[in-house]
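# Model the following, please.
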Amino acid sequence: MAVQSSTFYSCGAAQAIDGIRYAPGVAHTYCSITGNELNPWWRLDLLEYYNIYKVTVTNRADCCLAQTTGAEIRIGNSLENNGNNNPRCGVTSLVPAGTSVSFSCGGMEGRYVNMYIPNIQQHLTLCEVEVYGTGNSGTSF
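Numbering: from 1, shown residues only. Coordinates of the predicted model:
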């Protein structure tokens, strides 16, 4: 289940986990986008604790590339500050239009995976977030 700090137009949090990395047309049809706000965030609840090894983030292809820049990937079990105080796996730099970047998280344990842009007022846009890891039973996802 995914949630975000606010929603721009009809660009809800679930659009970042719908399996559609790229689609023709504008990002409103396939990306999650928060409102233009201070400290925007997006959170995935995995419902159980997992060891997270990799997170892949896909940027929009049509415009506004900076709306993914500077997003901190946070992984952990706390909902303090909406999960944005959990340990950091990485920080996105400018992701080229319509491309994906992956971050190695080394098996960080967590139920929550957050994307968080601190101390800046802007939209946070995520066209796809893919999380790879293993559960306590050894199952992979």
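
# Identify the residues contacting the residue most central in space within the chain.
Centroid check for the chain by C-alpha atoms, centre = their mean gives residue 115 as the closest residue, at 4.2 Å. For residue 115, the contacting residues are 41-43, 57, 71-74, 124, 126, 129, by C-beta atoms under 8 Å, 6 or more residues apart in numbering. Just so you know, the C-beta spots here come from the backbone N, C-alpha and C atoms, and that holds for glycine as well.

# Work out the gap between the helix or strand in which it is found and the centre of the chain.
Here residue 115 sits within strand 100-116, counting by DSSP states H and E. Put simply, strand 100-116 sits 9 Å off its chain's centre (C-alpha atoms, centre = their mean, to the nearest Å).

# Following it in sequence, what is the next regular element?
strand 121-122.

# residues contacting residue 1?
Residues near residue 1 by C-beta under 8 Å, 6+ apart: 44-45, 47.

# what separates the residue nearest to the centre of the chain from residue 136, distance-wise?
Using C-beta to C-beta, to the nearest Å, one gets 25 Å for the distance from residue 115 to residue 136.

# so of the contacts of residue 115, which ones are in strands?
Per DSSP state E, strands hold the following members of these: 41-43, 57, 72-74, 126, 129.
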